[in-house]
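[1] sequence unknown, structure follows:
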């Protein structure tokens, strides 16, 4: 395979017809940087109909082109039509790289069209870099249980395909370009060949306390928590700080807090102004999911790995320090 025959990078824009999923916009902003480094053009790929106001948001991310796909088979998400569409498009236009949001749907169809193209698909990269010597994208992510950071490349085959978790990169639109190329493709897929059927859809019940990805303040509780009876003080602290409660994976595994509050590589990626952790050891697969302007860590072990990542570290009993913080905040508001 001649890698030089593949050019430009694509981002898949997932949507429900009315709203573009944020991860697609986040990826467009980040991949813009890779395209500038590689001298490639950035294209956003939209399957099915998306309202014009959301298309304008996509354009605002500095893309060079839009690829709209229409035809039969896109009435509801299904892996068969989606994978086929990207396989057909890739064979025609030969992109160097394709990036897909690591949502439930994205994780489903991305590796399937990668297989159809006989190429590789990486997942959950925390950082992306372009190697000018090889022309390869470097997918950098935790490995071996978070003990090391691995650099994964697709050195021979093209396109390079990767799924990226929502919240990994910032949505920072640079503005729409004056001339954006618009391509319309009709790629139909036989509805009778789709192997699943849309029976019904029930959205999750909206609970604002479970939406922690962009909270201004997060109080995160780790495995140092003795039991669920000791949790209430941390809820109170989060409330006093106008923040939200989060946790590490052990608390979810112990059934103390729900998965939606789990922070880290296997949970939610958070971007916040103030992040206070209590009893968190500091494993890479957790800290890689935290982007905070101010990071405060509390742990009784002075050698805890978490102190390598924080701006301020407090050594002591997590319950006692939390109680002291609550007392000081309540005194300040009195």
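    Ah, there it is. None of the values given here were measured: they were computed from a predicted structure.

[2] any idea how far the closest residue in space to residue 94 that isn't next to it in sequence is from residue 136?
    Spatial nearest neighbour of residue 94, chain neighbours left out: residue 6 (4.7 Å); criterion: Cβ to Cβ, 6 or more residues apart in numbering. From N, CA and C alone the C-beta is placed, and that goes for glycine too. In this view, residue 6 and residue 136 are 11 Å apart by Cβ to Cβ, to the nearest Å.

[3] try residue 19
    On the measure of Cβ to Cβ, residue 19 and residue 136 end up 34 Å apart.

[4] cool, and residue 301?
    For residue 301, the distance to residue 136 - Cβ to Cβ - is 40 Å.

[5] compare those two and say which is more crowded by neighbours.
    More crowded of residue 301 and residue 136, by other Cβ atoms under 10 Å: residue 136, with 22 against 13.

[6] what values do phi and psi take at that one?
    Dihedral pair for residue 136: phi -90, psi 150, per degrees, to the nearest 10.

[7] OK, contacts around it?
    130, 153-155, 160 (Cβ atoms under 8 Å, 6 or more residues apart in numbering).

[8] show me the shaky parts of the stretch 201-334 of the chain.
    Within the stretch 201-334 of the chain, the ranges that satisfy pLDDT under 70 run 204-207, 334.

[9] show me the domain layout of this structure.
    The record's domain parsing of the chain by automatic domain parsing lists 3-193, 208-333.

[10] what's the span of the first one from first residue to last?
    Counting by Cα to Cα, to the nearest Å, you get 33 Å between the two ends of domain 3-193.

[11] going along the chain, name the strands of the stretch 1-150 of the chain.
    9-12, 42-47, 65-70, 97-101, 121-123, 127-131, 136-143, 148-152 (DSSP state E, counting those that start in this stretch).

[12] distance to residue 267 and mean pLDDT added to these, as JSON lines?
    Shown next, in JSON lines, are these (distance: least, Cβ to Cβ, whole Å; pLDDT from 0 to 100):
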{"stretch": "strand 9-12", "distance to residue 267": "23", "mean pLDDT": "98"}
{"stretch": "strand 42-47", "distance to residue 267": "27", "mean pLDDT": "97"}
{"stretch": "strand 65-70", "distance to residue 267": "32", "mean pLDDT": "96"}
{"stretch": "strand 97-101", "distance to residue 267": "16", "mean pLDDT": "96"}
{"stretch": "strand 121-123", "distance to residue 267": "15", "mean pLDDT": "91"}
{"stretch": "strand 127-131", "distance to residue 267": "18", "mean pLDDT": "92"}
{"stretch": "strand 136-143", "distance to residue 267": "13", "mean pLDDT": "86"}
{"stretch": "strand 148-152", "distance to residue 267": "18", "mean pLDDT": "82"}
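
[13] does residue 100 touch residue 160 like I think?
    No: counting by Cβ atoms under 8 Å, residue 100 does not reach residue 160; the two are 11.8 Å apart.

[14] quick one: which of these two has more around it?
    Legend: neighbour count by other Cβ under 10 Å for residue 100 and residue 160, higher for residue 100 (31 against 27).

[15] ok, now which ones touch the more buried one?
    11-12, 106, 109-110, 161-164.

[16] just put those in CSV and tack on neighbour count.
    Below are the contacts of residue 100 laid out as CSV (neighbours: other Cβ atoms under 10 Å):
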residue, neighbour count
11, 27
12, 27
106, 23
109, 22
110, 27
161, 27
162, 25
163, 26
164, 27
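
[17] from these, which single one is nearest residue 89?
    Sorting those by distance to residue 89 puts residue 12 at the head of the list, at 10.4 Å, by Cβ to Cβ.
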